[in-house]
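Asks: For reference, the sequence and a predicted model appear below.
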Amino acid sequence: MFDTKTLQQYYNGFFIQEPVGNNAFSFAQRHNRKIFVPSIINGSLDDLAIGHEIAFSEMEEGREVNYKGLKSFIYIHEQNKDIFIFDNHNHAFFFWVYAYQLGKLKPQSTLVHVDQHKDTRQPQEKFGKSDLKEAFKYTNFKLNVGNFIPPAVSLGLFSKVIIIDSETAFNQALPSEFVLDIDMDVFSPEMDYIKSSYKLERIQSYIKQSNLITVATSPYFMDQDQAISLVKELFKGLS
């Protein structure tokens with residue numbers, strides 16, 4: 001199991017108020033100038049809930065949009081699986097680094113990334129350390145929801161990334177071992193051309209194969225009530 005107390009030294013509930021990380025998007029044009037990162041708890045699917053604070057702000061066609069994230073990030077250890085559930089997707093990087101430190105993520109692993117987006121943009125600053133404190137700073141103040149995979153590859157955590165973002169990709173065969181990364185926006189309206197029942201079935205099969213799983217509810221791209229409901233459906237066999 002992961003040490004929740006160690007995780008809570010970093011994820012203890014805080015605001016990002018500078019134009020960095022996910023708060024940099026349209027910062028100068030927005031009225032809301034801060035986003036919230038909640039604390040993490042050792043919990044269960046029943047603890048999943050929408051929080052009261054804004055987790056993502058952006059401008060769309062001249063209009064400011066603000067989205068609430070999760071009340072808490074959740075760590076679940078069930079059936080020999082370590083599962084992290086959070087809102088903005090860049091937090092996966094921190095949990096991967098911690099898993100690597102604990103020997104739960106082997107270097108040069110395969111990442112199966114189930115997402116509407118590839119999230120493979122290059123961040124402006126590189127990360128060359130596996131120190132947890134520095135990984136936390138980098139995750140929250142340098143990375144954003146679209147660029148967290150390349151630094152994990154550069155760090156040597158992953159040597160192969162399999163992106164599941166289409167019907168063809170869902171049909172492909174996967175290796176026997178992999179780290180699973182799920183973005184719930186794969187169920188967004190833009191992805192409705194693939195039946196939800198089929199996506200649920202395929203992702204549930206991936207969950208059975210993987211022992212380290214990160215899940216993003218993605219407030220900007222996905223209705224959070226629906227995201228929470230679907231997360232519970234995906235993992236119902238574990239509770």
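Replies: Right, received. Where do you want to start? Numbers count the residues shown, from 1 in each chain.
Asks: do you know how far the residue in the chain sticking out farthest from the centre is from residue 26?
Replies: Here the chain reaches farthest from its C-alpha mean at residue 62, the gap being 27.7 Å by C-alpha atoms, centre = their mean. Distance, residue 62 to residue 26, by C-beta to C-beta, to the nearest Å: 10 Å. All C-beta spots, glycine's among them, are computed from the backbone N, C-alpha and C.
Asks: Please apply the same query to residue 43.
Replies: In terms of C-beta to C-beta, residue 43 sits 33 Å off from residue 26.
Asks: Would you quantify the distance from the residue farthest from the centre of the chain to residue 146?
Replies: Where residue 146 is concerned, residue 62 sits at a distance of 22 Å (C-beta to C-beta).
Asks: now residue 116
Replies: Counting by C-beta to C-beta - residue 116 and residue 146 are separated by 11 Å.
Asks: so after the one helix or strand residue 39 maps to, what's the next helix or strand?
Replies: Here residue 39 sits within strand 35-42, counting by DSSP states H and E. Downstream of strand 35-42, the next assigned helix or strand under DSSP H and E is strand 50-60.
Asks: Which secondary structure elements does that next one sit against?
Replies: strand 35-42, strand 63-70, helix 224-234 (3 or more C-beta pairs under 8 Å, 6 or more residues apart in numbering; DSSP states H and E).
Asks: what angle separates that strand from strand 63-70?
Replies: 150 degrees (axes from the mean of the first three to the mean of the last three C-alpha atoms, to 10 degrees).
Asks: residues of strand 50-60 that come out buried?
Replies: 50-51, 53-58 (16 or more other C-beta atoms under 10 Å).
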